[in-house]
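Undergrad: Dropping a prediction and its sequence here:
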Amino acid sequence: MKKYFIKTFGCQMNVYDSWRIAAMLNARGMTATKTVADADIIILNTCSVREKATNKVFSELGRVRDAKKPDAIFGIVGCVAREVGAAAFHRIPELNFVLGPQSYHRLPEILSDPDTKLLNIDLTGLEKFDELPQMTTAPTVSYIPIQEGCNHCCTYCIVPYTRGREISRAFDDVMRDTLHAAKTGAVEICFLGQNVNGYKYTDENGKIFRLSDLIRATAKIPEIRRIRFTSSYPTEMTDDLIQMFATEQKLLPFLNMPIQSGSPDVLRRMNRPYSLHAYMDIINKLRAARADIQISSDFIVGFPGETDSDFEQTLEIARRVRYINSYSFKYSPRPHTAAALMPDQIGEKVKRERLAILDGVLNEIQREFNETCIGKNLTCLYEGADKTGRHLLYRTPYMQQCIVARAENPKQMANIEITAANRASLRGKIVD
Ligand code: SAH
Ligand code: F3S
């Protein structure tokens, strides 16, 4: 029986794609292994969003080449495959295949070809997303992709190139996957998309389905207790979707809605053409719909031409919105993007300093928010035991980690009284 090894880099979409690839290989009688040296097929599912991520893939490929069985075939799939295409074969000549994110359904065909190891297959051109097999048991938190690709074309971002133009999946297909997940173990559903709130599907009768329709239908499934979605583009936060936070109690009061920068000049050069006023307007509407909603953002520091005053405005907006659970990155020039060719690229030292300052501000806000939770009762979802085995880890409705003392038969959903907090996590005791 053939064994396969898959290593996943990057975002939730890649984690999900790896599951589907594994399901496809299992269906063909192959089994998974965690050891490269045991594998007949080795697949790295890759991320190219920042240069460091791409470099990591190539150093891993070197390690795999040296550790694998001589006749094992190995290849890369995902965004680096799309980014570098056939050039990957020049860097690692022993590589057997390079497959972009839209071509995974062709993997079995490639792997079943006895000549595969003689071929350098480059299928990185974008193809239509085809149906892949279902998983048999769903994890407690199930990620369901509803939309792929992005039409926004932010000038720094390689995703529109690697993942292509936006495609929304059929409403019925998404609901079939969601129901299947609910019946096989899912308690929380997270809808996924590079531009998830841009979800728009028109059926054969011309009826239009939006993300709010998916949320409403999912909230009716008794097994599903929590719903969320990621990642949202600010100006696609339509009123019907904002209203969901008021009417659907299963929708968590937590939203990732990246602003990237607080400077209007930088935002314009990033091709994110919303005003700070429009952005704050959306935040205010969200808070009017659900008073306790918490917002998370992604930030980029050191975008070409970013001045000290631009950067100050980013700190200002972070303090004003009081973002929690955010991600911040140093700008990384990527191939196939306009910003990589812009003048006034910022030096590494300045980027590093700005990132440290921003992280300091974000951490402080996070700690303060965590402290406001002390004394509250929060309904949390069980995640598992910690590394020591002495504690249980739960996830709050605001996606904070909450640590409680070990108990036999931990409840999947528990009402927890928060007793202590620091920047990274909360502590509490189970009330019921
Ligand atoms: N909406 C998308 C975002 C894709 S990339 C999604 O969730 O799939 C995730 C984050 O990486 C972006 O929000 C941005 O903050 C960061 N990012 C993208 N390109 C970058 C680059 N060239 N340099 C640094 N950070 C980048
Ligand atoms: Fe990238 Fe901007 Fe789309 S960050 S994924 S181009 S919204």
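TA: Received it, and whenever you're ready, just let me know what you need. Ligands and ions are numbered 1, 2, ... in the order given.
Undergrad: ok, how many other residues are close to Pro410?
TA: Neighbours of Pro410 under the rule other Cβ atoms under 10 Å: 16. C-betas here are computed from N, CA, C, even on glycine.
Undergrad: How about the secondary structure of it?
TA: The assignment at Pro410 comes out as coil when based on DSSP: H, G, I helix; E, B strand; the rest coil.
Undergrad: isn't it right next to Leu392, touching?
TA: Yes - taking contacts as Cβ atoms under 8 Å, Pro410 lies within contact range of Leu392: 5.2 Å.
Undergrad: Overlap in contacts, the two.
TA: Counting by Cβ atoms under 8 Å, 6 or more residues apart in numbering, the shared contacts of Pro410 and Leu392 are Tyr382.
Undergrad: Pull up the residues of the stretch 101-250 of the chain that are close to ligand 1.
TA: Neighbours of ligand 1 within the stretch 101-250 of the chain, by Cβ under 6 Å from any ligand atom: Tyr156, Cys157, Val159, Gln194, Asn195, Ser231.
Undergrad: Quick check: closest non-adjacent residue to the fourth one.
TA: Once flanking residues are discounted, Gln194 sits nearest to Cys150: 4.3 Å by Cβ to Cβ, 6 or more residues apart in numbering.
Undergrad: From Ile76, how far off is the one you found?
TA: 22 Å (Cβ to Cβ, to the nearest Å).
Undergrad: Please say which of these two ends up with more neighbours.
TA: Counted by other Cβ under 10 Å, Cys150 and Ile76 do not tie: Ile76 has more neighbours, with 29 against 22.
Undergrad: so that one is in which element?
TA: strand 73-78 (DSSP states H and E).
Undergrad: Partner strands of that strand, with direction?
TA: Based on DSSP bridges, the pairing partners of strand 73-78 within the sheet are strand 41-46 (parallel), strand 97-99 (parallel).
Undergrad: centre of the chain versus it, how much separation?
TA: Chain-centre distance of strand 73-78: 21 Å, with Cα atoms, centre = their mean, to the nearest Å.
Undergrad: Using CSV, write down the CA coordinates of whatever helix or strand comes next after that strand.
TA: The helix or strand immediately downstream of strand 73-78 is helix 79-84, counting by DSSP H and E. Output of helix 79-84 as CSV, limited to C-alpha atoms (Å, rounded to 0.1, in the frame of the first residue of the first chain):
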residue,chain,number,x,y,z
CYS,A,79,0.7,29.3,-4.0
VAL,A,80,4.4,28.9,-4.4
ALA,A,81,3.7,26.4,-7.2
ARG,A,82,1.7,29.0,-8.9
GLU,A,83,4.2,31.8,-8.1
VAL,A,84,7.3,30.1,-9.5
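Undergrad: Give me the buried positions along the next helix or strand after helix 79-84.
TA: Downstream of helix 79-84, the next assigned helix or strand under DSSP H and E is helix 87-91. For helix 87-91, the neighbour count (16 or more other Cβ atoms under 10 Å) marks Ala88, Phe89 as buried.
Undergrad: Just the helices from this structure, written as ranges.
TA: 12-26, 51-67, 79-84, 87-91, 107-112, 159-163, 171-183, 211-219, 239-247, 264-269, 276-289, 308-321, 348-372 (DSSP state H).
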